[in-house]
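Trainee: Can you look at this prediction? I've put the sequence above it.
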Amino acid sequence: MIKGKSVIVTGSTSGIGLGIARSFAAQGADVVLNGLGDAGEIERLRRGLETEFGIRVLYDNADLRDADACAALIHNAEMALGKVDVLVNNAGIQHVAAVEDFPAERWDAVIAINLSSAFHTIRTALPGMQARGWGRIVNIASAHGLVASANKSAYVASKHGLIGLTKVVALENAQGGVTCNAICPGWVLTPLVKAQIEARAAAQGITFDAAREQLLGEKQPSRRFTTPEQIGELALFLCSPAADNMTGSAITIDGGWTVQ
(Lines give C-alpha, C1' and ligand atoms only; values in the text may rest on other atoms or scores of the structure.)
Protein backbone atom coordinates (compact mmCIF):
# COMPACT_ATOMS: atom_id res chain seq x y z
CA MET A 1 0.00 0.00 0.00
CA ILE A 2 2.88 2.38 0.78
CA LYS A 3 5.23 1.28 -2.00
CA GLY A 4 5.47 4.11 -4.53
CA LYS A 5 3.82 6.68 -2.26
CA SER A 6 5.48 10.02 -1.52
CA VAL A 7 6.06 10.89 2.13
CA ILE A 8 7.23 14.07 3.87
CA VAL A 9 8.58 13.76 7.42
CA THR A 10 9.48 17.04 9.12
CA GLY A 11 12.29 17.03 11.66
CA SER A 12 13.64 13.81 10.15
CA THR A 13 17.42 14.18 10.19
CA SER A 14 17.64 12.46 13.60
CA GLY A 15 15.62 10.87 16.39
CA ILE A 16 11.94 10.02 15.98
CA GLY A 17 11.64 11.64 12.56
CA LEU A 18 14.52 9.64 11.13
CA GLY A 19 13.05 6.44 12.55
CA ILE A 20 9.75 7.22 10.83
CA ALA A 21 11.46 8.11 7.55
CA ARG A 22 13.39 4.82 7.59
CA SER A 23 10.20 2.85 8.24
CA PHE A 24 8.51 4.34 5.18
CA ALA A 25 11.64 4.00 3.03
CA ALA A 26 11.90 0.34 3.96
CA GLN A 27 8.41 -0.19 2.54
CA GLY A 28 9.30 1.42 -0.78
CA ALA A 29 8.02 4.96 -0.30
CA ASP A 30 9.84 7.99 -1.67
CA VAL A 31 10.79 10.26 1.22
CA VAL A 32 11.40 13.96 1.75
CA LEU A 33 13.66 14.65 4.71
CA ASN A 34 13.62 17.96 6.56
CA GLY A 35 15.55 19.14 9.57
CA LEU A 36 18.71 20.60 11.00
CA GLY A 37 22.26 19.31 11.01
CA ASP A 38 25.58 19.31 9.24
CA ALA A 39 25.02 19.57 5.48
CA GLY A 40 27.57 16.87 4.66
CA GLU A 41 26.13 14.45 7.19
CA ILE A 42 22.59 15.05 5.94
CA GLU A 43 23.71 14.37 2.36
CA ARG A 44 25.35 11.12 3.47
CA LEU A 45 22.13 10.18 5.25
CA ARG A 46 20.03 11.01 2.17
CA ARG A 47 22.23 9.02 -0.19
CA GLY A 48 22.45 6.14 2.27
CA LEU A 49 18.67 5.79 2.42
CA GLU A 50 18.42 5.90 -1.37
CA THR A 51 21.06 3.20 -1.75
CA GLU A 52 19.77 0.96 1.03
CA PHE A 53 16.12 0.98 0.00
CA GLY A 54 16.22 1.81 -3.73
CA ILE A 55 13.86 4.76 -3.45
CA ARG A 56 14.07 8.49 -4.07
CA VAL A 57 15.07 10.62 -1.09
CA LEU A 58 15.03 14.40 -1.15
CA TYR A 59 16.15 16.89 1.48
CA ASP A 60 14.48 20.25 2.04
CA ASN A 61 15.94 22.66 4.60
CA ALA A 62 12.70 24.62 5.05
CA ASP A 63 12.68 26.82 8.15
CA LEU A 64 9.48 25.68 9.81
CA ARG A 65 9.16 28.90 11.78
CA ASP A 66 8.12 30.56 8.52
CA ALA A 67 4.66 29.95 7.02
CA ASP A 68 5.83 30.48 3.44
CA ALA A 69 8.71 28.04 3.93
CA CYS A 70 6.25 25.42 5.23
CA ALA A 71 4.11 25.87 2.13
CA ALA A 72 7.17 25.73 -0.12
CA LEU A 73 8.19 22.42 1.49
CA ILE A 74 4.95 20.88 0.23
CA HIS A 75 5.05 22.55 -3.19
CA ASN A 76 8.67 21.54 -3.77
CA ALA A 77 7.86 17.92 -2.96
CA GLU A 78 4.84 17.96 -5.27
CA MET A 79 6.98 19.32 -8.11
CA ALA A 80 9.80 16.83 -7.55
CA LEU A 81 7.79 13.70 -6.76
CA GLY A 82 4.45 14.48 -8.41
CA LYS A 83 2.38 14.38 -5.23
CA VAL A 84 2.41 14.21 -1.45
CA ASP A 85 0.52 11.16 -0.23
CA VAL A 86 1.62 11.11 3.41
CA LEU A 87 2.55 14.05 5.62
CA VAL A 88 4.15 13.37 8.98
CA ASN A 89 4.48 16.47 11.14
CA ASN A 90 7.20 15.50 13.57
CA ALA A 91 9.44 18.57 14.03
CA GLY A 92 9.56 19.84 17.59
CA ILE A 93 11.63 21.82 20.04
CA GLN A 94 11.52 22.22 23.81
CA HIS A 95 12.27 24.88 26.42
CA VAL A 96 11.91 24.35 30.15
CA ALA A 97 11.10 27.20 32.56
CA ALA A 98 8.38 28.33 34.94
CA VAL A 99 5.68 30.40 33.27
CA GLU A 100 6.79 33.63 34.93
CA ASP A 101 10.35 33.06 33.74
CA PHE A 102 9.53 31.74 30.27
CA PRO A 103 11.13 33.97 27.59
CA ALA A 104 8.52 35.26 25.15
CA GLU A 105 10.75 34.51 22.17
CA ARG A 106 11.12 30.87 23.26
CA TRP A 107 7.34 30.54 23.63
CA ASP A 108 6.90 31.91 20.11
CA ALA A 109 9.53 29.54 18.69
CA VAL A 110 8.06 26.44 20.34
CA ILE A 111 4.53 27.27 19.18
CA ALA A 112 5.76 28.09 15.67
CA ILE A 113 7.65 24.84 15.14
CA ASN A 114 5.56 22.41 17.17
CA LEU A 115 2.10 23.64 16.19
CA SER A 116 1.90 26.38 13.56
CA SER A 117 4.18 24.57 11.12
CA ALA A 118 1.80 21.60 11.16
CA PHE A 119 -1.11 23.88 10.29
CA HIS A 120 0.80 25.42 7.41
CA THR A 121 1.98 22.10 5.95
CA ILE A 122 -1.46 20.51 6.34
CA ARG A 123 -3.35 23.37 4.71
CA THR A 124 -0.97 23.25 1.76
CA ALA A 125 -0.98 19.47 1.34
CA LEU A 126 -4.73 18.96 1.73
CA PRO A 127 -5.93 20.15 -1.70
CA GLY A 128 -3.82 17.56 -3.53
CA MET A 129 -4.86 14.78 -1.17
CA GLN A 130 -8.52 15.77 -1.49
CA ALA A 131 -8.32 15.86 -5.29
CA ARG A 132 -6.84 12.35 -5.39
CA GLY A 133 -9.28 10.99 -2.79
CA TRP A 134 -6.51 9.58 -0.58
CA GLY A 135 -4.10 11.04 1.93
CA ARG A 136 -2.65 10.33 5.35
CA ILE A 137 -1.65 13.00 7.85
CA VAL A 138 0.16 11.83 10.98
CA ASN A 139 0.98 14.40 13.64
CA ILE A 140 3.58 13.43 16.22
CA ALA A 141 2.14 14.90 19.39
CA SER A 142 3.18 13.65 22.84
CA ALA A 143 1.96 12.33 26.14
CA HIS A 144 2.18 16.04 26.90
CA GLY A 145 -0.64 16.55 24.42
CA LEU A 146 -2.89 14.73 26.90
CA VAL A 147 -1.41 15.57 30.31
CA ALA A 148 0.83 18.31 31.65
CA SER A 149 4.17 18.63 33.41
CA ALA A 150 5.47 21.65 35.29
CA ASN A 151 7.86 24.05 33.54
CA LYS A 152 6.84 22.97 30.03
CA SER A 153 4.07 25.46 29.29
CA ALA A 154 4.89 26.07 25.62
CA TYR A 155 5.52 22.41 24.81
CA VAL A 156 2.36 21.23 26.57
CA ALA A 157 0.27 23.97 24.96
CA SER A 158 1.67 23.20 21.52
CA LYS A 159 1.05 19.46 21.79
CA HIS A 160 -2.47 19.92 23.16
CA GLY A 161 -3.07 22.27 20.24
CA LEU A 162 -1.70 19.74 17.78
CA ILE A 163 -4.19 17.13 18.97
CA GLY A 164 -6.98 19.69 18.61
CA LEU A 165 -5.85 20.49 15.07
CA THR A 166 -5.76 16.76 14.32
CA LYS A 167 -9.40 16.40 15.36
CA VAL A 168 -10.58 19.33 13.24
CA VAL A 169 -8.75 18.13 10.12
CA ALA A 170 -10.20 14.65 10.69
CA LEU A 171 -13.75 15.99 10.92
CA GLU A 172 -13.43 18.20 7.86
CA ASN A 173 -12.16 15.26 5.77
CA ALA A 174 -14.10 12.40 7.30
CA GLN A 175 -15.79 11.41 4.02
CA GLY A 176 -13.08 12.23 1.52
CA GLY A 177 -10.46 9.50 1.85
CA VAL A 178 -8.05 11.65 3.87
CA THR A 179 -7.35 10.71 7.48
CA CYS A 180 -5.55 12.65 10.19
CA ASN A 181 -4.31 11.06 13.40
CA ALA A 182 -1.89 11.91 16.19
CA ILE A 183 0.71 9.69 17.83
CA CYS A 184 1.49 10.50 21.46
CA PRO A 185 4.85 9.10 22.58
CA GLY A 186 6.12 9.18 26.13
CA TRP A 187 9.86 9.19 26.74
CA VAL A 188 11.90 8.31 23.65
CA LEU A 189 15.70 8.32 23.93
CA THR A 190 16.27 11.04 21.33
CA PRO A 191 19.16 13.56 21.42
CA LEU A 192 16.72 16.03 23.04
CA VAL A 193 15.86 13.65 25.89
CA LYS A 194 19.46 12.50 26.25
CA ALA A 195 20.43 16.13 26.86
CA GLN A 196 17.73 16.40 29.56
CA ILE A 197 19.10 13.29 31.29
CA GLU A 198 22.65 14.63 31.14
CA ALA A 199 21.52 17.95 32.60
CA ARG A 200 19.67 16.15 35.42
CA ALA A 201 22.73 14.01 36.16
CA ALA A 202 25.00 17.07 36.28
CA ALA A 203 22.61 19.06 38.48
CA GLN A 204 22.24 16.24 41.01
CA GLY A 205 25.77 14.86 40.83
CA ILE A 206 24.55 11.39 39.83
CA THR A 207 25.41 9.05 36.97
CA PHE A 208 23.69 9.13 33.60
CA ASP A 209 22.13 5.70 34.28
CA ALA A 210 20.79 6.84 37.65
CA ALA A 211 19.31 9.98 36.09
CA ARG A 212 17.82 7.85 33.30
CA GLU A 213 16.09 5.54 35.78
CA GLN A 214 14.88 8.52 37.77
CA LEU A 215 13.39 10.16 34.67
CA LEU A 216 11.59 6.99 33.57
CA GLY A 217 10.40 6.20 37.07
CA GLU A 218 8.69 9.55 37.49
CA LYS A 219 6.42 9.19 34.45
CA GLN A 220 6.69 5.93 32.50
CA PRO A 221 5.54 2.82 34.41
CA SER A 222 7.11 0.42 31.91
CA ARG A 223 10.54 1.88 32.83
CA ARG A 224 11.46 1.47 29.15
CA PHE A 225 11.96 4.05 26.44
CA THR A 226 9.79 3.87 23.34
CA THR A 227 11.98 3.60 20.25
CA PRO A 228 11.85 5.67 17.06
CA GLU A 229 11.40 2.41 15.14
CA GLN A 230 8.26 1.56 17.12
CA ILE A 231 6.81 4.99 16.35
CA GLY A 232 7.70 4.50 12.69
CA GLU A 233 5.83 1.20 12.60
CA LEU A 234 2.78 2.82 14.22
CA ALA A 235 2.85 5.60 11.62
CA LEU A 236 2.98 2.95 8.89
CA PHE A 237 -0.04 1.21 10.41
CA LEU A 238 -2.00 4.47 10.28
CA CYS A 239 -1.34 4.53 6.53
CA SER A 240 -2.43 0.91 6.00
CA PRO A 241 -5.86 -0.32 4.86
CA ALA A 242 -6.47 -1.58 8.40
CA ALA A 243 -6.57 2.06 9.54
CA ASP A 244 -8.80 3.39 6.73
CA ASN A 245 -11.56 4.17 9.24
CA MET A 246 -9.27 5.56 11.94
CA THR A 247 -9.25 9.34 11.99
CA GLY A 248 -9.03 11.99 14.68
CA SER A 249 -7.37 9.58 17.09
CA ALA A 250 -4.68 10.45 19.62
CA ILE A 251 -2.83 7.15 20.05
CA THR A 252 -0.53 6.74 23.02
CA ILE A 253 2.75 4.83 22.90
CA ASP A 254 3.96 5.89 26.33
CA GLY A 255 4.59 2.85 28.53
CA GLY A 256 1.50 3.59 30.62
CA TRP A 257 2.32 7.26 31.34
CA THR A 258 -1.15 8.67 30.64
CA VAL A 259 -3.22 5.89 32.22
CA GLN A 260 -2.01 6.70 35.73
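Mentor: Nice, thanks for sending it over. Numbers count the residues shown, from 1 in each chain.

Trainee: Next one: His59 relative to Ala98, how far apart?
Mentor: Quick fix: residue 59 reads Tyr, not His. 38 Å (Cβ to Cβ, to the nearest Å). C-beta: built from backbone N, CA, C; applies to glycine.

Trainee: Show me which of those two is the more surrounded one.
Mentor: Tyr59 (18 against 9; other Cβ atoms under 10 Å).

Trainee: Direction included, what does the one helix or strand that one maps to pair against?
Mentor: Assessed by DSSP states H and E, Tyr59 sits inside strand 57-60. Note on strand 57-60: by DSSP bridges, its sheet partners are strand 30-34 (parallel).

Trainee: got the contact list for Leu126?
Mentor: For Leu126, the contacting residues are 135, 169, 173, 178, by Cβ atoms under 8 Å, 6 or more residues apart in numbering.

Trainee: List the residues that contact the residue nearest the centre of the chain.
Mentor: Centroid-nearest residue in the chain: Asn90, 1.7 Å away (criterion: Cα atoms, centre = their mean). Neighbouring residues of Asn90 by Cβ under 8 Å, 6+ apart: 9-12, 16-17, 20, 140.

Trainee: Break down the stretch 51-200 of the chain into its helices, ranges please.
Mentor: Taking DSSP state H, counting those that start in this stretch to define them, one finds helices in the stretch 51-200 of the chain at 67-81, 104-111, 117-132, 153-172, 191-204.

Trainee: Out of those, flag the one nearest Ala211.
Mentor: helix 191-204 (3.8 Å; Cβ to Cβ).
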